[in-house]
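Student: here is a sequence with its predicted model. Questions after.
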Amino acid sequence: MILEIALASAVVVAASAIARAVVTERARRDAVVSKRASVAAAIEARRGLRVGDVLLHVGDELWLAGAIELDEEGSSIVLFRTPENTRAAWVAQLDEDARELALLAESTDIPEGRVPDRLPVGGRVLSLQRRGRARVTTRGEHVPEAAASAGFTILADAGGRTAIIVDFDGTTARIALVGDRVERALIDVLPGGDPPA
């Protein structure tokens with residue numbers, strides 16, 4: 001009888017240990033699934049590009065080292081500096097969700113003074129798409145010094161050729177960029193920037 005009681009106690013202890021191990025494994029698995037779900041949700045909720053991201057486009061890697069944000073009463077345009085890239089020294093994000101992007105290079109084809117509503121650039125005539133005034137903020141590296149506000153002009157043609165000109169207030173500093181819009185589907189984003197607070 002004592003042997004049967006000892007055997008029954010051993011079975012109960014073993015069953016209890018197995019049950020604890022199963023519960024612990026399930027909890028660990030649930031934690032991993034929960035963490036993956038929260039990372040996926042954060043990626044899904046991510047809006048726009050950030051300093052530190054890397055864009056992959058037709059064999060090019062574009063590191064977004066710094067940014068100049070032009071905030072026009074809640075509507076913003078962000079110019080990202082991409083150093084060490086020969087084809088596109090800048091990437092323009094023209095909407096909050098980064099669906100409208102342009103790869104741009106600095107240009108000397110833009111004349112001094114007020115930018116006209118129509119302008120021939122590189123054999124193509126670009127027309128006024130948007131003109132405004134904006135508050136300016138900068139972050140990251142490789143961006144020029146900027147004033148707290150600026151006027152900007154965006155010109156474009158039907159083929160996607162785009163010019164963005166930024167004239168900083170209180171200075172003669174100007175950024176004049178020309179390039180082409182790109183389809184968002186052709187760009188992969190490797191997140192490297194900090195998520196929003």
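Tutor: Received it, and whenever you're ready, just let me know what you need.
Student: list the contacts of the residue nearest to Leu94 when sequence neighbours are not counted.
Tutor: With CB to CB, 6 or more residues apart in numbering as the criterion, Leu94 has its nearest non-adjacent residue at 3.9 Å, and that residue is Glu100. Quick note: C-beta positions are derived from backbone N, CA and C, even for glycine. Counting by CB atoms under 8 Å, 6 or more residues apart in numbering, Glu100 makes contact with 93-94, 181, 184.
Student: quick one: pLDDT of the residue most central in space within the chain?
Tutor: Taking CA atoms, centre = their mean as the criterion, Leu49 is the residue nearest the geometric centre of the chain, at 0.8 Å. Looking at Leu49, its pLDDT is 96.
Student: swap in the one 4 residues further on?
Tutor: At Asp53, the model reports a pLDDT of 97.
Student: any idea how far it lies from Ile18?
Tutor: Distance of Asp53 to Ile18, given as CB to CB, to the nearest Å: 47 Å.
Student: so what's the residue nearest to Leu94 scoring on pLDDT?
Tutor: Glu100 is given a pLDDT of 96.
Student: ok, the residue nearest to the centre of the chain to Thr138 distance?
Tutor: 15 Å.
Student: quick check, nearest of the contacts of Glu100 to Pro83?
Tutor: Of all the contacts of Glu100, Pro83 sits closest to Gln93, with 17.2 Å by CB to CB.
Student: quick check: domain ranges of this structure?
Tutor: The record's domain parsing of the chain by automatic domain parsing lists 1-45, 54-190.
Student: of these, which stretch is the most buried?
Tutor: Of all these, domain 54-190 has the most neighbours on average by mean count of other CB atoms under 10 Å, namely a mean of 16.
Student: for the protein, name the helix or strand with the lowest mean pLDDT.
Tutor: Lowest on mean pLDDT, DSSP states H and E among the helices and strands of the chain sits helix 2-45, with a mean of 62.
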